[in-house]
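Based on what follows, work out the 3D shape:
(chains A and B)
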Amino acid sequence: MVHTFHCLGVYIAVDVYSGAVHILDKTAYDVLNLLDETALDGECPDWVFEKLSGHSREAVGAAWADLQELQRGGLLFTDDSYLDPDTAVLMQQDAPVKALCLHVSHDCNLRCQYCFASTGDFGTGKRMTMEIDTAKKAIDFVVQRSGSRRNIEIDFFGGEPLMAMDTVKAAVDYARSLEKSHDKSFRFTITTNGVLLDDENIAYINREMSNAVLSLDGRPEVNDAMRETVAGTGSYDVILPKFQKLVAGRGDKDYYLRGTFTRRNQDFAADVIHIADQGFRHVSVEPVVGSPDCDYTLREEDLPVILKEYETLAEELLKRDDVNFFHFNVDLSQGPCVIKRLRGCGAGCEYVAITPDGDIYPCHQFVGNEDYRMGNVWDGTFDMELSREFAGLNIYSRPACQDCWAKFYCSGGCSASNLLVNGDIKEPNEFGCQLQRKRLECAIAMKARQEISKKEG
Amino acid sequence: MTHVKTLNGATLKNSAAHGGCGECQTSCQSACKTSCTVANQKCENQK
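Numbering: from 1, shown residues only, chains lettered A, B, ... in the order given. Predicted coordinates for the structure are as follows:
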């Protein structure tokens, strides 16, 4: 399978199954668009010359020869020889759990309008923080279930995790105490809205957390329209200096300034640039998760504007080298292996979320959906049948992914999003797919443009 | 070649040989939490 596209002024071909990416000139692009995998044998046929009479015969013939060379070198029209679909479904059964989203707080000190956690309580009507003993039980759960996997990730999430700092610290201490005896290496992340950041917990986060995800939507008016305090005031002025202080003391540890865009700010490139201009290198601004009846939820009719906005953003980011935009960060040469790429996020099997009560869900976005409650760390239950159902999700078991060129980059998308939009964890949310494909095209085209500039420079 | 420049070779095919150790980061933990992407994850096996 080959995907050709024109983006940021560059003609590109992606050979899906080998992972090869080629920059083409217009002639080669036009030739390739006429072909399928059986068509590159022998000399360039007359019908190709006739179809492309706008190009010189010499150029068409030379482009044909170049494409033929790629095919012979295993870089074009390669086969899918990884796995047969039945094997792919079976491959991850009884997978170890190696990542937790630990909901240390189902309470929040902001009232963000779009919050998928219903401003903290996940729709349960019960605002609470996690007891230290429950956090320890959760750590025990992942240590026991991680099998031979050494690296274990814990993300302190909420609600707002800084409202449960005692639990965070106790969980970190307890996990560290188990590392040596169980041959594990814990990596901690915290996702915070920043309101409660002070010198003490900034120092703590910068010491203990290998990644910090800091929530800010962008321009003050955009942020404050959605991210309000309990009193109904904007949060931008409160949190920005705190995030700047945290990042200034972070050294080379990972962080992301993470925002959300909605149909109210479809010019979100300006928000990415605004965040970058406040001194933040690592930025992620992502489409809102919302039910179709919300006025801020992105709609089909918004697609042309959003897709164009990603190109606008890509052009802006090409002008500067001080911004790493999460969704344009594609490692073509040394990214994850193909096995990882076909499995995807691991929700419900490798990765689970645990609530303050100790309930286990496939991921943070399923929390509160009783149909997907998998067990509880206190009574030791864990629904292996449901775990296997999630483990069986991959690009071969999601029918709509079969013909998609982007499948090895997105791995079949987000099960929670699929459920929200289509009522089925297996059926990709086509709207999200279209955004994903566009982001990938932009990311690849940016690499191509950088390569071309390097050659010319 | 005059009409094509290869930006990236057959890295996906090559990765199948050493892949699948499972030690890499869980996709959703890195930043997104709402929009699964794996192509920007690091391989823990790269030497």
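
Tell me the confidence at the residue of the stretch 201-350 of chain A found nearest chain B?
Using CB to the nearest CB, A:Cys337 is the residue of the stretch 201-350 of chain A that sits closest to chain B, at 2.6 Å. Placement of C-beta: from N, CA and C, glycine included. Confidence at A:Cys337, expressed as pLDDT, is 80.

count of neighbours near it?
24 (other CB atoms under 10 Å in any protein chain shown).

ok, now A:Ile425?
Counted with other CB under 10 Å, A:Ile425 comes out at 24.

go on, the one 3 residues further on?
A:Pro428: 25 surrounding residues under other CB under 10 Å.

Excluding residues flanking it in the chain, which one is nearest A:Thr124?
Counting by CB to CB, 6 or more residues apart in numbering or on different chains, A:Thr124 lies nearest to A:Gly368, which is 5.8 Å off, once chain neighbours are set aside.

shouldn't that neighbour be in contact with A:Gly120?
No. Here A:Gly368 does not reach A:Gly120: they are 11.3 Å apart, not a contact under CB atoms under 8 Å.

The two: which has the busier surroundings?
The neighbour comparison of A:Gly368 against A:Gly120 (other CB under 10 Å) goes to A:Gly120, with 22 against 18.

now the more buried one, nearest residue through space, not along the chain?
Nearest to A:Gly120 is A:Cys108, by CB to CB, 6+ apart, at 3.3 Å.

List the contacts of whichever strand or helix holds A:Ile139.
If you go by DSSP states H and E, A:Ile139 is part of helix A:132-145. The set of residues external to helix A:132-145 that reach it, using CB atoms under 8 Å, 6 or more residues apart in numbering or on different chains, is A:96-100, A:102, A:104, A:152, A:154, A:166-167, A:170-171, A:174-175, A:178, A:182, A:184, A:354, A:356-358, A:360, A:377-378, A:382.

Got phi/psi on the residue of the stretch 201-350 of chain A closest to chain B?
phi -70, psi 170 (degrees, to the nearest 10).

Against B:Ala10, how distant is it?
13 Å (CB to CB, to the nearest Å).

same thing with A:Gln244?
Distance from A:Gln244 to B:Ala10, by CB to CB: 43 Å.

Could you do A:Lys136 as well?
In terms of CB to CB, A:Lys136 sits 47 Å off from B:Ala10.

same deal with A:Thr119?
Relative to B:Ala10, and taking CB to CB, A:Thr119 is found at 48 Å.

ok now stretch A:305-323, how far from the chain's centre?
18 Å (CA atoms, centre = their mean, to the nearest Å).

Which strands and helices lie in contact with whichever helix or strand A:Tyr29 is part of?
A:Tyr29 is part of helix A:26-32, with elements assigned from DSSP H and E. Helices and strands touching helix A:26-32, by 3 or more CB pairs under 8 Å, 6 or more residues apart in numbering or on different chains; DSSP states H and E, are strand A:2-7, strand A:10-15, helix A:57-72.

Could you identify which of those is most buried?
strand A:10-15 (a mean of 23; mean count of other CB atoms under 10 Å in any protein chain shown).

Would you map the helices across the stretch 51-200 of chain A?
A:57-72, A:85-90, A:132-145, A:165-182, A:199-208 (DSSP state H, counting those that start in this stretch).

scratch that, chain B
Here chain B has its helices, by DSSP state H, at B:11-18.

Does the residue nearest to A:Thr124 fall in a helix, a strand, or a coil region?
Under DSSP: H, G, I helix; E, B strand; the rest coil, A:Gly368 falls in the coil class.

Let me know the pLDDT of it.
91.

And for A:Gln434?
A:Gln434 is given a pLDDT of 95.

Distance of the closest residue to A:Ser215 other than its chain neighbours relative to A:Asp199?
Excluding the flanking residues, the one nearest A:Ser215 by CB to CB, 6+ apart is A:Asn193, at 4.9 Å. Separation of A:Asn193 from A:Asp199 (CB to CB) stands at 18 Å.

and the two? which has more neighbours close in?
A:Asn193 (26 against 10).

can you pull the contacts of the residue nearest to A:Ser215?
A:Asn193 neighbours (CB under 8 Å, 6+ apart): A:108-110, A:112, A:160, A:162, A:215, A:227, A:235, A:239.

Please apply the same query to B:Thr26.
A:98-99, A:153, A:345-346, A:350-351.

if we can go back for a sec, A:Thr119 and B:Ala10: which has the busier surroundings?
A:Thr119 (21 against 18).

ok, so what distance separates that one from chain B?
16 Å (CB to the nearest CB, to the nearest Å).

my read: that residue touches A:Asn109, true?
No. Counting by CB under 8 Å, A:Thr119 sits too far from A:Asn109 to count as a contact (9.7 Å).

and the helix or strand encompassing A:Lys308, how far out from the chain's middle?
According to DSSP H and E, A:Lys308 maps onto helix A:303-318. Centre-to-centre, helix A:303-318 and its host chain are 18 Å apart (CA atoms, centre = their mean).

which SS class is the nearest residue to A:Arg263 once chain neighbours are set aside?
Distances taken as CB to CB, 6+ apart put A:Leu298 closest to A:Arg263, at 5.1 Å, once the chain neighbours are dropped. Following three-state DSSP, we place A:Leu298 in the coil state.

Give me the phi and psi angles of A:Leu298.
The phi/psi pair for A:Leu298 (degrees, to the nearest 10) is phi -70, psi 140.

How many neighbouring residues does it have?
23.

same deal with A:His274?
For A:His274, using other CB under 10 Å, the count is 21.

and if you look at the one 4 residues further on?
When neighbours are counted by other CB under 10 Å, A:Gln278 registers 15.

Looking at it now. What's its pLDDT?
Reported pLDDT for A:Gln278: 98.

Nearest the middle, which residue of chain A would you pick?
Taking CA atoms, centre = their mean, the centroid of chain A lies closest to A:His327, which sits 7.1 Å from it.

residue boundaries of the strands in chain B?
B:4-8 (DSSP state E).
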